[in-house]
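Peer 1: here you go, sequence then predicted model.
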Amino acid sequence: MAKPVQQLDRVVIRFAGDSGDGMQLAGDQFTSETAVFGNDLSTLPNFPAEIRAPAGTLPGVSSFQLHFADHEITTPGDAPDVLVAMNPAALKANLPDLPVGRDIIVNTDEFGARNLAKVGYATNPLDGDSLDSWRVHKVPLTSMTIEALAGTGLGKKDAARARNMFALGLLSWMYHRPTDGTLRFLEKKFAKLPQVAAANIAAFRAGWNYGETTESFAVSYEVKPAPMRPGVYRNISGNLALSYGLIAASRQSGLPLFLGAYPITPASDILHELSKHKGFGVRTFQAEDEIAGIGAALGAAFGGALAVTTTSGPGIALKSETIGLAVSLELPLVICDIQRGGPSTGLPTKTEQTDLLQVMFGRNGEAPVPIVAPQSPGDCFDAAIEAARIALTYRTPVFLLSDGYLANGSEPWSIPDLDGLPELAPDFAVATDRPFLPYERDPATLARPWAIPGTAGLEHRIGGLEKADETGEISYDPANHDLMVRLRQSKVDRIAQSIPPLLVDDPSGAAGVLVLGWGSTHGVIDAACHRVRRRGVPVAQVHLRHLNPFPSDLGDLLHRYDRVVLPELNLGQLALLLRACYLVDVVSINQVNGMPFRAADLEEALWHVLQGAGT
Amino acid sequence: MSIDLGSPALSGVPKTDVAQRPKDFKTDQEVRWCPGCGDYVILAAVQGFLPELGLRRENIVFVSGIGCSSRFPYYLDTYGMHSIHGRAPAIATGIATAREDLSVWVVTGDGDALSIGGNHLIHALRRNVNLTILLFNNRIYGLTKGQYSPTSEAGKVTKSTPMGSVDHPFNPVSLALGAEATFVARTIDSDRKHLTAVLAAAAAHRGTSLVEIYQNCPIFNDGAFDAIKDRDTKADAIIPLELGEPIRFGAPAEDGGGSRGLALDAQTGGVRVVDVAEVGVEALLVHDATRDDPTTAFAISRLTDAGYLRQSPIGIFRQVDRPTYDDQARAQLSTARTAAPGEQADRLGALIGGGDTWTVV
């Protein structure tokens, strides 16, 4: 008898297990199935910095949360509807996030005395009544996987490693996910190990069949595809979109892409991705340290490449001196800061927006650098092109300020039409019959000429010492230094003229409160504003992509509202800048726990402010 | 007139048909080193030597760090960058990797290259990027006015070490050989002929060439190299390294060669100074910089005094072929491009539109 199917409008699933349990892989694959099925989705991978923390311990728990729906969603979901717990540590670490009444699928095989003791369970929680508030599905995942692979010739230990695929198969059945993609993926991933490929596929199928036949799962669920704007879509993570954006910028400018980088979490995937694309003329240089990474990039920029360096906060600290040199040399350079928890080594795999003031001010002297921040994983593509546009047009280093949540999170992405991308012209200087002046400025942009080696007649020397206006010769003249400092600042300020007007979302047009954000918080702020509006209170929302310079219309906009509320994953860094620049009494909502805001928390915080504002 | 160096290092760099003179490489900038500084001599030697390369001036790039020597690019009418302290090898690596058609030079000093920039130096050397690095070693910090440097002798009394420095110095040649540099040489600012010959060999070498140039600082470390410059003592102080020749130095023996020489020491695996009359010319070590094994070159480099300089081998220690970083990086690029034919625009569309996709109508 066919099992009943229940319709849902949205579901949040969290896969949780040991670092070695393959939870990220299972989550990624479930995401791909869900994307192809046509749901809107948003993901939140969450893993420890250690590659393999001691097995079965709380610090070793790795999880992957996926939110999918039949309507537009903008966050990975506050709380799971279903928790897949592969061992006691995963259960213990994630149970506090699970609202009562929700489902737990638990791998009973791992609940032996040793594993229980490792996380401080005196008794087996599966035996008592402590989990009575939830719907617990006890599944011997490991032993059923081993049993399903009995004929494959794999030993028990190897067979057991496919248990993540068993879990994925079961979840795929529960939510009617298309399975072809996963089967193809496994065949390709293990193409050189056919036995392993067969085992994973068998485990995946066994999990699916188990759902179909067991009485433990009485119902399956269906989440219909979400209506989306017409187009061809794929699922994409922020670091992948950022990498593609850089390659696209290389194509749009006709300049070869040069990446100088040193491995660092969570930016390394950009280095990995770009190193695959030498066929596009992409040169990747894995340097001996962060300083050499940006040094080589700056050298390549001098040579006429589209130069990029990628890092996270600690790397920016090391690169600061070279960024100052790039400001002084006025050469194009894209500096990607994929922010993570700080200070110091901090929380390498967690997300924060705590580098804003570092990239804004973290250099000696007056050294203004433009800042562009993407707002979603897919937006990293466009933000990378925008950073390249500013760098090339204004001959300046530019920060592209992403973060760990954008880097590893993913969403459906409408694949852009390449013909619609902006043209980026390098406009190299050419010799004329006039003497060449390396620091002569374009009257519109204040950019200096970019004269690359190999151009006869434009031989010149540049350096970090202060330069005379126009000639670029060393100058210690007080008036000249004052002029050069102001020119460099004015050049960055002028970028504002090329920034489109801000788009304010205020459906009722009656809002007295403006919620402003920047970077990766866009999705959750959007969700929280929708919820507040559904409670009957109008609220306006605007999101900043350009943090230096600010858009020209920002000041007027801020003064148009009674209250400006600014949620940030830091202690109020943008708020500090807005207060300084616009004398606006910004109300901050801050969280610095290494995780994105949850929509419910932000809704309540906004609600609290709105009540105080008398609306 | 240009000389054919048979120079693999410069094979990708465009040549000029126009005869060049040293003054073509002079800029209109006032040279601001102290009177008597060894840097003047080196600048004149480089300006005199560059025309011999016959390269187009616009395809030459000089990159420097920070320090007295690092002002060098301002005085050479090529492309140039006066960068930040210690980072010139990293910046030059980017230039050389991005542009095959450039002849890239690094000018650095003992503080710049061996203290703050030590990491970049050794990594440039191990990668074997196509660069020529001129390390001006005056064994002192000049621009910051006289602190001891990483090549100053132990016990040196300076402003920052009033009771004498307790740092053990680096031997730049030993360091470079330890980093498996493919071209390592040492020369002296005051010997223009030797300096020019070494520069020619370094420029011709494909890969990273490191040339240590002993350079006198008349203000803060005057006389540091007197022993090897003084007419009376230099025969005993300089151990000349000449390819294919027995290594001999000191007062002339009966055959006109030096009365002392170097021989392999079977007991230590190193080399030792011997009396030629005692052991015979046949027992002397014949210099072979092209030997792939750097052991003997390293052993020779250890004959440099770590304290006040009274003895030092001068010449090319090592000159071997090894694929360069930038050539191999370019080869990978070219392989990848050949493997991915078709219009780049189409391939980019295929890339970003790849993976599992779905269409919403």
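Peer 2: That came through, no problem. Please read all numbers here as calculations on a predicted model, not as lab measurements.

Peer 1: and for the residue lying closest to residue A:445 once chain neighbours are set aside, the neighbour number?
Peer 2: Nearest non-adjacent residue to residue A:445, counting by C-beta to C-beta, 6 or more residues apart in numbering or on different chains: residue A:394, 5.6 Å away. (Each C-beta comes from the backbone N, C-alpha and C, glycine too.) By the measure other C-beta atoms under 10 Å in any protein chain shown, the count of residues near residue A:394 is 22.

Peer 1: would you agree residue A:394 is in contact with residue A:495?
Peer 2: Yes - assessed by C-beta atoms under 8 Å, residue A:394 is found in contact with residue A:495 at 6.0 Å.

Peer 1: anything in contact with each of these two?
Peer 2: Here residue A:394 and residue A:495 have residue A:370 as joint contacts, going by C-beta atoms under 8 Å, 6 or more residues apart in numbering or on different chains.

Peer 1: returning to that earlier point: need the contact list for the residue nearest to residue A:445.
Peer 2: A:370, A:445-447, A:491-492, A:494-495.

Peer 1: try it again at 10 Å.
Peer 2: Counting by C-beta atoms under 10 Å, 6 or more residues apart in numbering or on different chains, residue A:394 touches A:330, A:332, A:370, A:442, A:445-448, A:491-492, A:494-495, A:498.

Peer 1: do residue B:203 as well
Peer 2: Counting by C-beta under 10 Å, 6+ apart, residue B:203 touches B:5, B:7, B:9-10, B:49-50, B:52-53, B:55, B:103, B:105, B:132, B:209, B:211.

Peer 1: make CSV from these and add neighbour count and secondary structure to it.
Peer 2: Output for the contacts of residue B:203, formatted as CSV (neighbours: other C-beta atoms under 10 Å in any protein chain shown; DSSP: H, G, I helix; E, B strand; the rest coil):
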residue, neighbour count, secondary structure
B:5, 16, coil
B:7, 19, coil
B:9, 22, helix
B:10, 22, helix
B:49, 18, helix
B:50, 25, helix
B:52, 17, helix
B:53, 23, helix
B:55, 23, strand
B:103, 26, strand
B:105, 27, strand
B:132, 23, strand
B:209, 30, strand
B:211, 23, strand
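
Peer 1: kindly identify which of these also come near chain A.
Peer 2: Contacts with chain A within the contacts of residue B:203, counted by C-beta under 10 Å from any C-beta of the partner chain: residue B:103.

Peer 1: from the stretch 51-200 of chain A, which residue is nearest to chain B?
Peer 2: When scored by C-beta to the nearest C-beta, the stretch 51-200 of chain A has residue A:181 as its residue closest to chain B, at 5.3 Å.

Peer 1: and the closest residue to residue B:141 other than its chain neighbours, how far from residue B:291?
Peer 2: If the residues on either side of it in the chain are set aside, residue B:141 comes closest to residue B:147, at 4.4 Å by C-beta to C-beta, 6+ apart. Separation of residue B:147 from residue B:291 (C-beta to C-beta, to the nearest Å): 38 Å.

Peer 1: tell me which residues touch whichever residue of the stretch 451-600 of chain A sits closest to chain B, please.
Peer 2: Residue of the stretch 451-600 of chain A nearest chain B, by C-beta to the nearest C-beta: residue A:463 (2.9 Å). Listed by C-beta under 10 Å, 6+ apart, the contact partners of residue A:463 are A:325, A:328-329, A:472, A:474, B:63-64, B:66, B:70-71, B:73-74, B:80-84.

Peer 1: let's go with 7 Å and repeat that
Peer 2: Taking C-beta atoms under 7 Å, 6 or more residues apart in numbering or on different chains as the criterion, residue A:463 is in contact with B:81-83.

Peer 1: so which of the residues you listed belong to strands?
Peer 2: Among the contacts of residue A:463, the ones falling in strands (DSSP state E) are B:81-82.

Peer 1: which of the contacts of residue A:463 ranks first by neighbour count?
Peer 2: residue B:83 (31 neighbours).

Peer 1: state the pLDDT value of the nearest residue to it once chain neighbours are set aside.
Peer 2: Leaving aside its chain neighbours, residue B:83 sits nearest to residue B:91 (5.2 Å; criterion: C-beta to C-beta, 6+ apart). Turning to residue B:91, the model gives it a pLDDT of 98.

Peer 1: got it, and residue A:151?
Peer 2: Residue A:151 is given a pLDDT of 83.

Peer 1: likewise for residue B:254?
Peer 2: Per-residue confidence (pLDDT) for residue B:254: 92.

Peer 1: contacts for whatever helix or strand residue A:291 lives in, please.
Peer 2: According to DSSP states H and E, residue A:291 maps onto helix A:290-302. The contact list for helix A:290-302, computed with C-beta under 7 Å, 6+ apart, reads A:258, A:260-262, A:285, A:287, A:307-309, A:311, A:315, A:318-319, A:322, A:325-326, A:331-333, B:81, B:87, B:90-95, B:97-98, B:120, B:123.

Peer 1: count of neighbours near residue 59?
Peer 2: The chain I'm using is chain A. By other C-beta under 10 Å, 12 other residues sit near residue A:59.

Peer 1: meant chain B, my bad for not saying
Peer 2: 24.

Peer 1: you'd agree it is up against residue B:13?
Peer 2: Yes - in this structure, residue B:59 is within contact of residue B:13 by C-beta atoms under 7 Å, at 5.1 Å.

Peer 1: next, the contact list for residue 24, please.
Peer 2: Just going to use chain A. Counting by C-beta under 7 Å, 6+ apart, the residues that residue A:24 touches are A:45, A:47, A:62, A:64.

Peer 1: wrong one, chain B
Peer 2: B:51, B:57, B:77.

Peer 1: equivalent analysis for residue B:65, please.
Peer 2: Applying C-beta under 7 Å, 6+ apart, the residues contacting residue B:65 are B:83-88, B:108, B:112, B:117.

Peer 1: need the buried ones from the residues you listed selected in ChimeraX.
Peer 2: Buried residues among those (16 or more other C-beta atoms under 10 Å in any protein chain shown), as a ChimeraX selection:
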select /B:83,84,85,86,87,88,108,112,117
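
Peer 1: in a markdown table: the contacts of residue B:65, plus secondary structure.
Peer 2: A markdown table is the format used below for these (DSSP: H, G, I helix; E, B strand; the rest coil):
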| residue | secondary structure |
| --- | --- |
| B:83 | coil |
| B:84 | coil |
| B:85 | coil |
| B:86 | coil |
| B:87 | coil |
| B:88 | helix |
| B:108 | strand |
| B:112 | helix |
| B:117 | coil |
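
Peer 1: now render the contacts of residue B:65 as CSV, adding pLDDT.
Peer 2: CSV is the format used below for those (pLDDT from 0 to 100):
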residue, pLDDT
B:83, 98
B:84, 98
B:85, 98
B:86, 98
B:87, 98
B:88, 98
B:108, 98
B:112, 97
B:117, 98
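
Peer 1: wait, which of the contacts of residue B:65 is closest to residue A:138?
Peer 2: residue B:87 (60.1 Å; C-beta to C-beta).

Peer 1: per-residue pLDDT, the nearest residue to that closest one once chain neighbours are set aside?
Peer 2: Spatial nearest neighbour of residue B:87, excluding adjacent residues (C-beta to C-beta, 6+ apart): residue A:295 at 4.6 Å. Looking at residue A:295, its pLDDT reads 98.

Peer 1: quick one: low-confidence ranges for chain B?
Peer 2: Where chain B drops to pLDDT under 70, the residues are B:1-6.

Peer 1: now do the end-to-end distance for stretch A:224-233.
Peer 2: Start and end residues of stretch A:224-233 are separated by 17 Å (C-alpha to C-alpha, to the nearest Å).

Peer 1: what is the mean pLDDT for it?
Peer 2: On average, stretch A:224-233 scores 93.
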